[in-house]
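*Asks:* Provided below for reference: sequence and predicted model.
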Amino acid sequence: MITLLTDFGHQDAYVGVMKGVIASRCPTTPMVDLAHAIPPQDLWAARFQLLSVFPYFPPHTVHLVVVDPGVGTDRRAVAVRLAGGCYVGPDNGILSGVLDVAPVLEAVELTNPTYWRQPQPSATFHGRDIFASVAAHVANGVALSALGTPIPADSLVRLSLPPLQPTDLGLTGYLQYIDHFGNAVTTIPAECLGAGPWYLVWHQTPLPQAIAYNDVAPGSPLALVGSHGFLEIAVNQGSAQAQLGLAVGDPVILVQPSEATGQG
């Protein structure tokens with residue numbers, strides 16, 4: 001199986017062209033569209049989307065990810081085999097989330113044009129001329145070692161947010177993704193929650209604990225565990241991003257009163 005995740009949108013034929021390249025090389029391989037409305041050049045959104053879908057696919061799935069503001073430059077094109085799947089795309093940080101949860105088994109820079117669509121790829125469409133063709137060959141069983149030059153796992157580009165930090169008030173995390181509804185996903189996993197009550201603080205604004213969006217009145221903000229397994233800031237029947245002015249990278253604090261110093 002090959003999945004496709006891009007910022008190409010639905011107006012143009014870019015995604016269809018990549019599917020044509022894949023189908024010409026492995027016509028019986030299923031293809032799954034994950035998302036093509038990633039905001040243009042938004043590496044953080046691509047990083048989170050890949051992280052959120054990775055656990056739900058068979059371990060031999062090839063994930064073709066093309067959000068590539070550096071296309072045509074000297075940024076590396078790579079194929080990476082991870083515990084749980086294989087990734088083909090640019091080495092620009094998109095893999096950062098998955099690298100935190102899935103060990104790298106093998107990584108190569110795509111330097112062998114034998115497996116590209118053509119030896120001289122377009123400087124603006126590596127998705128068609130390199131990545132789609134390579135993904136098809138990987139799905140056909142071509143070894144990563146044949147695709148190019150081995151590279152160390154720790155050389156892969158990472159996008160970084162500060163790690164979770166315990167403080168006197170609670171546990172500080174950060175907003176890592178804002179979805180189509182304006183819900184903001186934090187870096188604080190649900191596993192950090194104790195058995196008692198809790199709330200999030202964003203820019204000195206306390207956001208009450210909820211189980212479902214409708215636990216508060218329409219238009220009211222809340223915090224809950226989202227489907228991705230992270231704590232999330234939302235507004236019932238509204239956009240937390242628009243109403244609160246949230247942005248990726250904003251700090252948030254998890255406060256658990258029974259466990260935090262000085263909290264009653």
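*Replies:* Happy to help now that I have it.
*Asks:* Mind naming the longest strand for this structure?
*Replies:* strand 171-178 (DSSP state E).
*Asks:* for that strand, what is the average pLDDT?
*Replies:* Averaged across strand 171-178, the pLDDT comes to 96.
*Asks:* need the strands for the stretch 1-150 of the chain, in chain order.
*Replies:* Counting by DSSP state E, counting those that start in this stretch, one finds strands in the stretch 1-150 of the chain at the ranges 2-6, 31-35, 62-66, 77-82, 85-90, 104-109, 149-150.
*Asks:* Reformat those as CSV; add distance to residue 204.
*Replies:* For glycine as for every other residue, the C-beta is placed from the backbone atoms N, C-alpha and C. As requested, these are exported to CSV (distance: least, Cβ to Cβ, whole Å):
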stretch, distance to residue 204
strand 2-6, 36
strand 31-35, 34
strand 62-66, 37
strand 77-82, 39
strand 85-90, 39
strand 104-109, 40
strand 149-150, 49
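*Asks:* And the helices in the chain?
*Replies:* Shown for the chain, the helices assigned by DSSP state H span residues 14-25, 43-53, 96-99, 126, 132-139, 240-244.
*Asks:* hey, which of those helices is tucked in deepest?
*Replies:* Highest mean neighbour count among those (mean count of other Cβ atoms under 10 Å): helix 132-139, with a mean of 26.
*Asks:* what about that one, average pLDDT?
*Replies:* On average, helix 132-139 scores 98.
*Asks:* Got the domain ranges for this structure?
*Replies:* For the chain, automatic domain parsing gives the domain ranges 2-155, 165-255.
*Asks:* Run the chain-centre distance for the first one.
*Replies:* For domain 2-155, the separation from the chain centroid amounts to 13 Å (computed by Cα atoms, centre = their mean, to the nearest Å).
*Asks:* start to end distance for it?
*Replies:* Chord length of domain 2-155, first to last residue, is 25 Å (Cα to Cα, to the nearest Å).
*Asks:* can you put the helices of the chain in JSON lines and add distance to residue 65?
*Replies:* Conversion of the helices of the chain to JSON lines gives the following (distance: least, Cβ to Cβ, whole Å):
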{"stretch": "helix 14-25", "distance to residue 65": "11"}
{"stretch": "helix 43-53", "distance to residue 65": "6"}
{"stretch": "helix 96-99", "distance to residue 65": "10"}
{"stretch": "helix 126", "distance to residue 65": "12"}
{"stretch": "helix 132-139", "distance to residue 65": "10"}
{"stretch": "helix 240-244", "distance to residue 65": "24"}
